[in-house]
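In: Build me a model from this:
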Amino acid sequence: MDLEQEIENHLAWIDGIASLLDAEEFSEADMQKITSHNTCELGHWLSAEGLELYKGMPEFRQLVDSHEVFHKLAGELIAAIQSGEESKAVEVEQDFIRMSQEVVGYLQRLQEVSNST
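Out: Residues are numbered from 1 along each chain as shown. Sure, this is the predicted structure:
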C-alpha cells in the first residue's frame, strides 16, 4: 500500500470513531478495537509492509510511537465520555486530534523521504 492510502485509512478510522462517539454506546469489542494499535489498517501496515520498507528511518519509529499514543488517547476519550467527565473528555479530545495530526504528519514525511530517494 502507498502512504497516501494509509493516510486515507487513518482518516476513515477516525470517522468510524466519530460515529461511535455520536452514538455514545461502546461494546467491549469496540473498546478492544479502539485501544489496540495493532488491529486497525494502519497498525497492520506498520507491523508488516511499513516495517519492512521503513524500519531504519527515525520518522517510522516516531510514527509507530505516535500511533500507539493515538490509540491510547482514543480509549481515554471514550472512558471519559462513559464516566461523564465532560471537561476531561474535552481535554483528551484535543490531545487525540493533535496526535492524529501527528500520525498523518509522520506518514507525509515518510512519503516525502521515499519520493526523494
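
In: give me the low-pLDDT residue ranges for the protein?
Out: 1, 117 (pLDDT under 70).

In: mind redoing it with 90?
Out: The chain contains residues with pLDDT under 90 at 1-3, 15-34, 39, 78, 81-82, 113-117.

In: residues touching residue 78, list them.
Out: 20-21, 26, 31, 34 (Cβ atoms under 8 Å, 6 or more residues apart in numbering). For every residue, glycine as well, the C-beta is placed using N, CA and C.

In: residues near residue 11, how many?
Out: For residue 11, the neighbour count with other Cβ atoms under 10 Å is 12.

In: Please disregard the earlier target; I meant residue 73.
Out: The burial count for residue 73: 20, using other Cβ under 10 Å.

In: Mind listing what's buried along the strand or helix carrying residue 109?
Out: Per DSSP states H and E: residue 109 is located in helix 86-116. Residues 89, 92-93, 96, 99-100, 102-104, 106-107, 109-111 are the ones in helix 86-116 that count as buried (16 or more other Cβ atoms under 10 Å).
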